[in-house]
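Q: model this:
(2 chains)
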Amino acid sequence: MDSALEDGESFKRRRDWSLPGDAAWWMFLTAEFLTLFAFFVVYAFMRRANLEEFQAAQALLDPRFALVNSLVLITSGYCVARGVRALRCGGSERSRSWVLAAAALGVVFIAIKGAEYAEKFGLGLTLSSGTFWFFYYFLTGFHFLHVLLGIGFLVWVGLSAPKKSNALAFHVQAESCAAFWHMLDLVWILLFPLLYLL
Amino acid sequence: MSGTSTEAGGTKALTATWLTLLLFSLANYYLAEVLLSTEVLVAAILTAVLVKLFLVLAVFMELGHRGRAWLFPTTSVLAACLIVLGVLFFR
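A: Model (predicted):
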């Protein structure tokens, strides 16, 4: 299927009427997001019940880490969107550059998050240090692991783009990977205020 | 954001969205760290978050096609959930 060239008219029709990426993949993304959303709701309830403990723990977080990571992840999302657009318009080399740039920004995100984790571990704050810290490590760790997976997807898309750019199946796969990356954007956009700002 | 538009045409919208997202992220931080904590502040932060969610969904994922319009109500539900969360738990 990878080698099947797409007819221009049907490709245009597909672009006008379908989701980006694979429909089954969207079900997976929705399930992932809803799972996290359930934890956000539980977090909100727990925060309400233990407000003083949560506020004291949140005071130990440095929002500047999260702010920089927000900017990095949003910029990587922009790069992915540009990469997908370049792919659709036939610019496979440009697509590769954009997608690999997004993957590189993902690595920057991981490095910053790793530095933040190291700082917290240095202060003796672990998963068992309290309710807030359980949620902090669980939610950000869940996101962290997904970012690692997403980087792998992006590297694969970026390296494959020049060879497979004419195959519809590859376009679907690339869009699916992009949707996964944007889901990570969405989750972080929620995590940033929930854990660090409010 | 049509799939049949040229790359150059679509990138302007993407770039504008990207810059807006950066701006709202900075606004989130500024509101929380510089301004005093008030109910208005919480509402402002949540509003900024909702705008960001909508922009990522609608523009980065390029959902503006007529065949994908059903995703906009989904976004609205998500937004409503966040508003409820904000009102109930962060006041």
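
Q: and the longest helix for chain B?
A: Counting residues, the longest helix found in chain B (DSSP state H) is helix B:7-33.

Q: Give me the contact list for stretch A:115-129.
A: Residues from elsewhere that reach stretch A:115-129 (Cβ atoms under 8 Å, 6 or more residues apart in numbering or on different chains): A:Leu60, A:Asp62, A:Phe65, A:Trp133, A:Phe134, A:Tyr137, A:Phe138. Just so you know, the C-beta spots here come from the backbone N, C-alpha and C atoms, and that holds for glycine as well.

Q: now do stretch A:185-198
A: A:33, A:36, A:40, A:43-44, A:58, A:61, A:63, A:66-67, A:69-70, A:73-74, A:77, A:135-136, A:139-140, A:143, A:146, B:25, B:28-29, B:31-33, B:42, B:45-46, B:49, B:52-53, B:56-57, B:60, B:82, B:90.

Q: Please identify the buried residues of the longest helix anywhere in chain A?
A: Ranked by residue count and defined by DSSP H, the top helix of chain A is helix A:131-164. By neighbour count on 16 or more other Cβ atoms under 10 Å in any protein chain shown, the buried set for helix A:131-164 is A:132-133, A:135-137, A:139-140, A:142-144, A:146-147, A:150-151, A:153-155, A:157-158, A:160-161, A:164.

Q: re earlier: can you list the contacts of stretch A:115-129 in CSV and add distance to chain B and pLDDT?
A: Compiled in CSV, these are given as follows (distance: Cβ to the nearest Cβ, whole Å; pLDDT from 0 to 100):
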residue, distance to chain B, pLDDT
A:Leu60, 15, 88
A:Asp62, 10, 86
A:Phe65, 11, 89
A:Trp133, 19, 92
A:Phe134, 18, 92
A:Tyr137, 21, 93
A:Phe138, 18, 92
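
Q: CA atoms of the helix or strand containing A:Glu175 as CSV?
A: Using DSSP states H and E, A:Glu175 maps to helix A:168-191. Extracted in CSV, the C-alpha atoms of helix A:168-191 (Å, rounded to 0.1, in the frame of the first residue of the first chain):
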residue,chain,number,x,y,z
LEU,A,168,-1.6,7.9,0.3
ALA,A,169,-0.9,5.4,3.1
PHE,A,170,2.1,7.4,4.2
HIS,A,171,0.1,10.7,4.2
VAL,A,172,-2.4,9.0,6.5
GLN,A,173,0.4,7.7,8.8
ALA,A,174,2.1,11.1,8.8
GLU,A,175,-1.2,12.9,9.7
SER,A,176,-1.9,10.3,12.4
CYS,A,177,1.5,11.0,13.9
ALA,A,178,0.9,14.7,13.7
ALA,A,179,-2.5,14.3,15.4
PHE,A,180,-0.8,12.4,18.2
TRP,A,181,1.7,15.2,18.6
HIS,A,182,-1.0,17.8,18.7
MET,A,183,-2.8,15.7,21.4
LEU,A,184,0.4,16.0,23.5
ASP,A,185,0.1,19.8,22.9
LEU,A,186,-3.4,19.8,24.2
VAL,A,187,-2.6,17.7,27.3
TRP,A,188,0.3,20.1,28.1
ILE,A,189,-1.9,23.1,27.6
LEU,A,190,-4.1,21.7,30.3
LEU,A,191,-1.3,20.5,32.6
